[in-house]
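In: No sequence on hand, only this structure:
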């Protein structure tokens, strides 16, 4: 299903909305299903500024397995220039929050970074983005607001156009490592010699296990074996920690298996004949690998830190392939402080689209700020996780 909203700009507005390599903003089209948007989306992502989380294949599989079951309706806004070429694409989903209709980036908690698709080389103004959102509001009169989480300030040097709107810090931040050299040089730069020596010593212990190896999953059998291990290891870990296991949700498992089988997710793992020892899997765009999931064994082999060893192998692998950045996802963890040399601040945007939206946006902002305060206060965060575990029993 598709809606078209034609927008005629005055020459003054044209000048404000245009920049290097941009054309006149002619219209916005709203696509309500993936099939209708597929051709323009796939073509645009070849040249646009975007994260791998906003690629068609990743979000289409999420919608098939998760979004539909959660009551999220695709709402994909595309702004075209006078030559019928896309300027931006916002892959949104519409859902109900109580009595209100809200739109957010598709994939929700399953996307670490949200950015949209933006024509490369263009400096988008707030006026331009406002025109797109006005068209969205006109096409969806019951839509109260946009609730956009975990947005990076920039991606591969391209500034996020949503920064021109009021925003606030996200509750969590990302952690990344600059590569830009061969793998051995990156590891030597980031890790102390004593730390690398300890890792080598531990790997020598694991190397004695029959069938020990590091690999990137390629065959259907390797992918299935890794994903089976991931879900089993997560289940064991969450049970031991007495906290809810989001990976036990059938739709989440179906989605993650689907993106792995489609090679949208790249899986790096350590294994021996008896078990998968650890794995990290992420989405890639040729310049950056962004970790989405990870797990490691709880067997006696865990004493040799297979998770840490896996990270070292991944750093070397992707650096040698010419990648520029490796990130270990969003959220705090001690091992990230060791392997990452940069914190990546993220921001949230709550943008009203109607009178109702103006009334509820302050509440949405306050809710997000409370979450950020709790997560940044260790005692409160421990209590929150304990309560969550008790409720889930």
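Out: Arrived safely, thanks for sending. Just so we're clear, the structure is a prediction, and the values are computed from it rather than from any experiment.
In: all contacts plus neighbour counts: C-alpha atoms, from now on.
Out: OK.
In: Could I get the buried residue list for the helix or strand hosting residue 189?
Out: With secondary structure defined by DSSP states H and E, residue 189 is part of helix 183-190. Of the residues in helix 183-190, 183, 186-187, 190 count as buried by neighbour count, 16 or more other Cα atoms under 10 Å.
In: need the residues you listed in CSV with distance to residue 330 and pLDDT, can you?
Out: Formatted as CSV, those follow (distance: Cα to Cα, whole Å; pLDDT from 0 to 100):
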residue, distance to residue 330, pLDDT
183, 23, 97
186, 22, 98
187, 21, 98
190, 20, 97
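In: Same list, these, but as TSV with distance to residue 161 please.
Out: As requested, the buried residues of helix 183-190 are exported to TSV (distance: Cα to Cα, whole Å):
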residue	distance to residue 161
183	34
186	32
187	34
190	32
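In: show me where this structure has helices.
Out: Counting by DSSP state H, residue ranges of the helices within the chain are 11-17, 34-44, 56-62, 126-139, 183-190, 193-207, 220-241, 250-261, 306-320, 334-339, 355-375, 378-392.
In: hmm, back to that, now for the buried residues of helix 183-190: which two are most distant?
Out: Put simply, by Cα to Cα the two of these set farthest apart are 183 and 190, 10.7 Å from each other.
In: Show me the domain layout of the protein.
Out: Following automatic domain parsing, the chain resolves into domains at 2-172+345-392, 176-343.
In: Now do the first one: distance to the chain's middle.
Out: A distance of 13 Å separates the C-alpha centroid of domain 2-172+345-392 from that of its chain, computed with Cα atoms, centre = their mean, to the nearest Å.
In: and of the helices of the chain, who's closest to residue 149?
Out: Judging the helices of the chain by Cα to Cα, what sits closest to residue 149 is helix 355-375, at 9.4 Å.
In: quick one: low-confidence ranges for the stretch 251-393 of the chain?
Out: Applying pLDDT under 70 to the stretch 251-393 of the chain picks out residues 372-393.
In: which intervals of the stretch 1-150 of the chain have sub-threshold pLDDT?
Out: 1-24.
In: hmm, 50 instead?
Out: Along the stretch 1-150 of the chain, segments meeting pLDDT under 50 span 6-23.
In: And the strands in it?
Out: 2-6, 25-31, 73-81, 86-97, 100-105, 117-118, 143-152 (DSSP state E, counting those that start in this stretch).
In: Would you quantify the distance from residue 117 to residue 239?
Out: Going from residue 117 to residue 239 by Cα to Cα, to the nearest Å gives 39 Å.
In: Looking at the two now, which is surrounded by more residues?
Out: The residue with more neighbours, out of residue 117 and residue 239, is residue 117; 24 against 13, by other Cα atoms under 10 Å.
In: who's in contact with the more buried one?
Out: 44-45, 48-50, 54, 88-90 (Cα atoms under 8 Å, 6 or more residues apart in numbering).
In: Make CSV out of these and add distance to residue 197 and neighbour count.
Out: Formatted as CSV, the contacts of residue 117 follow (distance: Cα to Cα, whole Å; neighbours: other Cα atoms under 10 Å):
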residue, distance to residue 197, neighbour count
44, 46, 21
45, 42, 19
48, 42, 19
49, 40, 24
50, 38, 26
54, 39, 24
88, 48, 24
89, 47, 28
90, 47, 22
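In: Now distance to residue 249 too, for these, in TSV please.
Out: Rendered in TSV, the data for those read as follows (distance: Cα to Cα, whole Å):
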residue	distance to residue 249
44	33
45	30
48	33
49	32
50	28
54	23
88	33
89	30
90	27
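In: from the chain's centre, how far out does stretch 245-264 sit?
Out: Centroid separation between stretch 245-264 and its chain, computed with Cα atoms, centre = their mean, is 14 Å.
In: Enumerate the positions of that stretch that are buried.
Out: So, applying 16+ other Cα under 10 Å, buried residues of stretch 245-264: 245, 247, 251-261, 263-264.
In: now for the residues you listed, which pair is the farthest apart?
Out: Largest separation among the buried residues of stretch 245-264 by Cα to Cα: 245 and 263, giving 24.5 Å.
In: How about the contacts made by the closest residue to residue 176 other than its chain neighbours?
Out: Using Cα to Cα, 6 or more residues apart in numbering and skipping the chain neighbours, the partner closest in space to residue 176 is residue 327 (3.9 Å). Counting by Cα under 8 Å, 6+ apart, residue 327 touches 174-177, 288-291, 340.
In: how about a cut-off of 6 Å?
Out: 175-176, 290 (Cα atoms under 6 Å, 6 or more residues apart in numbering).
In: Dump the residues you listed to TSV, plus distance to residue 228 and neighbour count.
Out: Shown next, in TSV, are the contacts of residue 327 (distance: Cα to Cα, whole Å; neighbours: other Cα under 10 Å):
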residue	distance to residue 228	neighbour count
175	27	22
176	27	23
290	21	29
